[in-house]
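**Q** Prediction below, plus the sequence it came from.
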Amino acid sequence: MKVRVDSEKCQGHNRCFALAAELFELDEYGYATATDDGEVPPDLDDKARLAIENCPERAIEIVGDGD
Amino acid sequence: MTTEPVKDLTTDYDIFDPGYVKNPFPAWAELREKCPIPRTERWGGSWMPTKYEDLFAVARDTDHFSSQNPLVVPIEPPEGFDESSGEGQQFLGVGAPPISSDPPEHTWTRRLLLPPFSVKSVQKWESMTREHCRSLIDGFIDEGRCDGAADYAQQIPPYVIAKMLGIPSDMSGTFTSWVQEFLEFGLQNFEMAADARNKILTFLWQQISEKKEKPSDDLISYLIQSEVDGSPVPDTHVLGTCFLILVAGIDTTWSSIGSALWHLAQNPEDRHRMMNEPEIFNTGIEELLRAYAPVTMARVVTADVEYGGCPMKAGDKVLMSFPAGSRDPDVFENPDEVIIDRAKNPHIAFGAGIHRCAGSNLARMEMRVAIEEWLKRIPDFKLENPEGVTWAGGQVRGPREMPVVFG
């Protein structure tokens, strides 16, 4: 799976980082980006989905199956 | 001021009705079903979206819905009151940026405030918060009882905020009184609110002057030393932002901590799970934030607009019931049940859109530490008299008197 954080939508709630620190990083303002260009290792698929489901801004999207 | 009983929630809701303040959940369920954006003429008149999608949409539409006055009731001066004279005049026009700002001002005022409230920045306040919680518990544990709201929840945020601002922590009791006079009792009493605002601004103004002379490692000094477009942040702006930090960072968080304890006092299974299953502790905190979301903020309609079939007029107030939205059955399964390990929980207790609570990371840290420390020392406790618990509501909902007994 591959994910992306839409920077127009992210408001820095930090829920993704709290739930899946392996997959997201925050800048000094708290806005998130996906680590490793959004690649989600297969064993972290569930964590990625959890982050997507808990984002109040619906800012995280699945952009592909990954490599 | 109306004191008539509410006949029809859809046209006449009353955010200060004592029954509603104590238990608003059935009213929200009824409204979502019958009329999801009700109207009232009480307290200056307002609309109140109760569905998640509507709250989300209004929060994002900053063109039609301004944040210039986020208080849930218009605080109107009594007839004949002259704002430009008297002791408050030097603070005329001081806002509370960024909560009271719209874009484009909002953008830079918020960027100024976010770094000291990031996840990483608030970590440095955690051990101090923990020590404080422990010493509060030391103070009452041998008595076998305490007031979970007044002796514990209420004592935490003002202490932390004082430390962050770099103000002696013995001021925290005074802060609590000022904030209640402004945001709780003051919503129905203009003179009290105006007086509290003056007291807070006068105090902060003096602190700002002192820290300009002798800066230290604190939030006021950080704001004074910050620059915007190459110029120092204006002093009145620093004052407004400090005012916001004080007013928004105190009874909000204490209400969440208090409501969490209120729930845990009555639900032994949930507190045992939170204690014994560390992997669900933070999930439990998010669920308590969702179910007992304390804060309602307001927006003001900027130009006539029809939203959800409601003819909103320029100047109308819209009460953003994030607490009602966070119990919307379209988004949350069994929303009126606390499911302590609820996995899917995109609650909007901290709002949504560009005004997402700037202090949310701090609030979460305080809440997590407060509940952890309490459960470690007081694993079993119950409400002394469930009917006797008193609640504040309107802008911020939470317990104010809540005697609990241990063991």
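**A** Arrived safely, thanks for sending.
**Q** Could you list the contact residues of chain A toward chain B?
**A** A:11-15, A:17-18, A:26, A:28-30, A:50, A:53-58 (C-beta under 8 Å from any C-beta of the partner chain). C-beta here means a position set from N, CA and C on the backbone, and glycine is covered the same way.
**Q** Now stretch B:128-147: average pLDDT?
**A** Taken as a whole, stretch B:128-147 has an average pLDDT of 98.
**Q** returning to what we had before: which among the residues of chain A next to chain B end up buried?
**A** A:11-15, A:17-18, A:26, A:30, A:50, A:54-57 (16 or more other C-beta atoms under 10 Å in any protein chain shown).
**Q** Please flag which of the residues of chain A next to chain B sit within strands.
**A** Counting by DSSP state E, the residues of chain A next to chain B place A:Leu26 in strands.
**Q** Can you report how many residues lie near residue 49?
**A** By default, I'm working from chain A. 19 (other C-beta atoms under 10 Å in any protein chain shown).
**Q** Oops, wrong one, chain B.
**A** So B:Pro49, with other C-beta under 10 Å, has 28 neighbours.
**Q** now swap in B:Glu401 and tell me
**A** Counted with other C-beta under 10 Å, B:Glu401 comes out at 15.
**Q** confidence score at B:Met297?
**A** The model's pLDDT for B:Met297 equals 96.
**Q** ok, now the one 5 residues further on?
**A** Note for B:Thr302: predicted pLDDT of 97.
**Q** got a list of what it touches?
**A** B:Thr302 makes contacts with B:Asp63, B:His64, B:Phe65, B:Ser66, B:Ala314, as judged by C-beta atoms under 8 Å, 6 or more residues apart in numbering or on different chains.
**Q** next one: B:Leu239
**A** B:Phe91, B:Val94, B:Leu201, B:Leu204, B:Trp205, B:Ile208.
**Q** can we see that at 6 Å?
**A** For B:Leu239, the contacting residues are B:Val94, B:Leu204, B:Trp205, taking C-beta atoms under 6 Å, 6 or more residues apart in numbering or on different chains as the criterion.
**Q** so which strand or helix has it?
**A** B:Leu239 belongs to helix B:235-248 when assigned by DSSP states H and E.
**Q** Can you tell me which residues in the stretch 251-400 of chain B are near chain A?
**A** Proximity of the stretch 251-400 of chain B to chain A, by C-beta under 6 Å from any C-beta of the partner chain, involves residues B:Lys344, B:Asn345, B:Pro346, B:Ile348, B:Ala352, B:Arg356.
**Q** Most neighbours among those residues, please name it.
**A** B:Ile348 (28 neighbours).
**Q** Next one: the residue at the greatest distance from the centre of chain B from B:Ser221, what distance?
**A** Using C-alpha atoms, centre = their mean, the residue of chain B lying farthest from its centre is B:Gly230. It sits 33.0 Å away. B:Gly230 sits 19 Å away from B:Ser221, taking C-beta to C-beta, to the nearest Å as the criterion.
**Q** do B:Val238 as well
**A** Taken as C-beta to C-beta, the span from B:Val238 to B:Ser221 is 10 Å.
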